[in-house]
Structures are given as structure tokens and as C-alpha cells.
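**Student:** how does the following fold in three dimensions:
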Amino acid sequence: VYPQTADFTFYGGLYRDVNVLAVNKTHFDLDYFGGKGLKVTPVMEGTDAKVSVEAFVTDLQSGDKLVCTIKEADGTIVDTCESAELNCDFVIKDAHLWDGVKDPYLYTCEVAIHRGTTVVDEVSARFGCRSFKIDPENGFILNGREYPLRGVSRHQDRFNMGNALLPEHHVEDMDFICEMGANTIRLAHYQHDQFFYDLCDERGMVVWAEIPYISRHMPEANDNTVLQMKELIVQNYNHPSICVWGLSNEITMDGAKDPDMIHQHRILNDLVHDMDKTRPTVIACISTCGMDEEYVHIPDVIIPYHLGYAVMGTGAALACTMAATISSCYRALAAEPAELMRPEAPQVGKKVLLERIPAIWMCLNFTWKSTIRNLLRYKKRFFMTVFGIGGCMALMLVGYGLKDSIMDVTRLQFGEIHKYDLMAVIDKEISEEG
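**Tutor:** Predicted structure coming up:
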């Protein structure tokens, strides 16, 4: 079972909601990879949205019918469809778009199983109408316009809590992400809580969702990757925030030439395309993996390392450094030898603002007056002081942050584990009664 090896902490136990459901013999299929038994596929055609609804039902009886209803965010009914089949099609005219952080609008699809006048079972799912594509020249395109992605990678754990987050912790994480101006999240490196996927829908995040096929390929766990991918897609298909499915993460710790690993990526890639024809596949490669490796070219989206950008950035940095050095040398070489021997004359001091307010200035002692003059008269000294103090504080905060994040994890992970010894011995003289 993945994951077995990775650079994040693994936790055990039940740390998410557990529900006991009582249903009729005829019900929406809860055994279909843990999903709701409802699949909603909106496809934009101009300003209209063509919505296909597919239900998965256990023991549907002759005479039963499905009643599908599409509702606006405020509950207003858009359209209703009755069918003896397990699917319905709608067209939403001038659909209100799910438009990222600007306007993450959500419709609701409700489906009920009717037997005569009795509702046997019912289920609902929210969905969003949007179009997107990933263009090699223009980047991510949302609803026909360029939508630059700026975001974070998120893990679902906390100090002293592990993975057992409560809803308020998920909300706080999302608030922090939104506060920093992000509009995309990579949900690393496993399936996250449904509550957080719902938050991503509501806040307009563009999401990369993936399974924990990570670090090292294990041939004996190939079936597990397939199962986890099926569960990920079925349980999260209706979320408009999810735009790509991740096949693996840095799986080439032991090299990228393993034929079985390459074959397994092809299996997963084909599986995703079979289950979801609306979203592309991606992988995250370790930095030492070359772009010419075969498995890198299996997914739909390939974002190569742009050597040209690196060269341009390095060239610009060198040009700035050389320009500053040449300018400094030119000024020094242009001076007369006698000028170089004499100290540079101090600049003529000007009154600072506080000196023009005698009531305040006369109350300051000599040290305060000298400090204020030195800081505020000369801009270089002022900025050097501000950036110097700010830089030192930043280093201190980083240092304490690293100390708390690394030392406490190590202490908790290795210092508080209860260890037990078990010894099994064979006693030939013991009787069956003993």
C-alpha cells in the first residue's frame, strides 16, 4: 500500500469522519469506490452548459424512475428531468460560470429514486460550469482568458494533531492561502478531506489532485495505485476546482529506467482518460530526472525546465553585477591621486523634521539627537539600518521556525514512541494443559 517512503510523516488510525448509513435495498451505489453514486459532467458550448448526469444505483426495480433537478446557488430550480434510465441531459442557457477566485459559482444537482409516490433514495452534488485548457505559450486558460496560477502545495497535518484536523483547521488553512493571494493549490501527496475539496470549490481554487504513488516504485503495489486512482476520481469527479489528476510524485528515487514503473504509469494514464475525459494528467518529477526520460512524456501536461529562462536570468544578474563593478572602478580611477589620499568631505547636513519642532527637539538628549540626524539625514544609512534590522529579524524567525518544525517533529516521532519487547521461546517439557 502506498505510501511507504516519502519526505512527510505518515499517520495511522481513523482520522476522518465515520458515518453509519441505513439505506433501502434500492439505493445509490455506495460501494462504487466510495463515491456518492452520482457523476455530473458540465461541458461549455459557447455561453451554454451541456450537463450530463449519470447515476449508479443498486437494485433498481422495474417501474422506478430517476428525477433529476438542477438548482441555482440560491435554490431556484433551473430544470428537471424524469427518466427510467440512469442518466439525464440538461442544457443551462447562459450558464453562470465558475470563474476562479473572482466568482466561484456553484450549481446543485439533486437526483431522487421514485417508486410511485415514494422517494426511495436521494443524493445531491454541487458542480461548476467552466472551461479550461493548458496552453504551452499562454499558460493556464480559464473560461477563455489567461489565468496566471500562483499557489502553494498543501499537506493536511498539524503539530500535536497529526492528520486528525477538524473543520475549523481546514478553514484556517484556506484562509491563510487566500490571504497570501494564491489561486491554486497542489493537494500533496494523497487524497485530502472532502471538506477541503468543498472549500476549494467555494473559494475558486484551481486544484492539482493526486495519489500517493511516491518516491519508489513497488511492483507488488501496482494494484493499489489503480485502486487509489479510481477512488480519487470517483469520489472527487464533481469538484469544479480540480483541473488535473496527478499520476505520481518523484517516483524515480531508484532511477527512471524501470520498465514496470513506466508500464504502470501508462496503465494509470489510460485509466484516468477512461474515467474522466475532461481533465488532463500530470506528474511531478524529481529534479535529477532528465526531460528525455520515457516516463516523463506519458502524462498530458509536460512543463519542461526552460534552460533559456535560466540563461537569461543568470545573464541579467551577471550584467548588473558587472555594471556596478565597472561604474565603481571608473569613478575611483577617474579621481586624482591626491583625492584618493584625502577622506571624502562629509555632506552638508540639513535639518530633519523634528528639529523644526522645538517643543519635541529640546526634550531629546544628545544621543537621541545624533541618532535621529544620522538616520534621517542620509538615505543610505537609513535604508541600511532598516534592511539590516529587518534582515536580522527575518533570519531569527526562520531559525526559530526551523528549530520548532524540525526538532519537535523529531522528538514526537522518535522520542515518545512506546516500545515493547516480545520474546517467544519453545519449551519442550511443557504439557498441553500447562
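**Student:** going along the chain, name the strands of the stretch 1-150 of the chain.
**Tutor:** Residue ranges of the strands in the stretch 1-150 of the chain, as given by DSSP state E, counting those that start in this stretch, are 27-28, 38-45, 48-55, 57-58, 65-71, 77-83, 87-92, 98-99, 103-104, 107-115, 118-127, 132-135, 139-142, 145-146.
**Student:** would a markdown table of those strands with mean pLDDT be doable?
**Tutor:** Below are the strands of the stretch 1-150 of the chain laid out as a markdown table (pLDDT from 0 to 100):
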| stretch | mean pLDDT |
| --- | --- |
| strand 27-28 | 96 |
| strand 38-45 | 97 |
| strand 48-55 | 97 |
| strand 57-58 | 94 |
| strand 65-71 | 96 |
| strand 77-83 | 95 |
| strand 87-92 | 95 |
| strand 98-99 | 98 |
| strand 103-104 | 98 |
| strand 107-115 | 97 |
| strand 118-127 | 96 |
| strand 132-135 | 95 |
| strand 139-142 | 95 |
| strand 145-146 | 96 |
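**Student:** just put the ones you listed in a markdown table and tack on distance to residue 386.
**Tutor:** In this view, the C-beta of every residue, glycine as well, is placed from N, C-alpha and C. Below are these laid out as a markdown table (distance: least, C-beta to C-beta, whole Å):
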| stretch | distance to residue 386 |
| --- | --- |
| strand 27-28 | 62 |
| strand 38-45 | 51 |
| strand 48-55 | 53 |
| strand 57-58 | 67 |
| strand 65-71 | 55 |
| strand 77-83 | 57 |
| strand 87-92 | 55 |
| strand 98-99 | 40 |
| strand 103-104 | 40 |
| strand 107-115 | 51 |
| strand 118-127 | 49 |
| strand 132-135 | 42 |
| strand 139-142 | 36 |
| strand 145-146 | 37 |
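**Student:** just put the ones you listed in a markdown table and tack on distance to residue 267 and mean neighbour count.
**Tutor:** Converted to a markdown table, the strands of the stretch 1-150 of the chain look like this (distance: least, C-beta to C-beta, whole Å; neighbours: other C-beta atoms under 10 Å):
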| stretch | distance to residue 267 | mean neighbour count |
| --- | --- | --- |
| strand 27-28 | 29 | 20 |
| strand 38-45 | 22 | 19 |
| strand 48-55 | 24 | 19 |
| strand 57-58 | 28 | 18 |
| strand 65-71 | 33 | 19 |
| strand 77-83 | 34 | 14 |
| strand 87-92 | 27 | 17 |
| strand 98-99 | 31 | 22 |
| strand 103-104 | 34 | 16 |
| strand 107-115 | 31 | 20 |
| strand 118-127 | 28 | 17 |
| strand 132-135 | 23 | 14 |
| strand 139-142 | 27 | 16 |
| strand 145-146 | 34 | 10 |
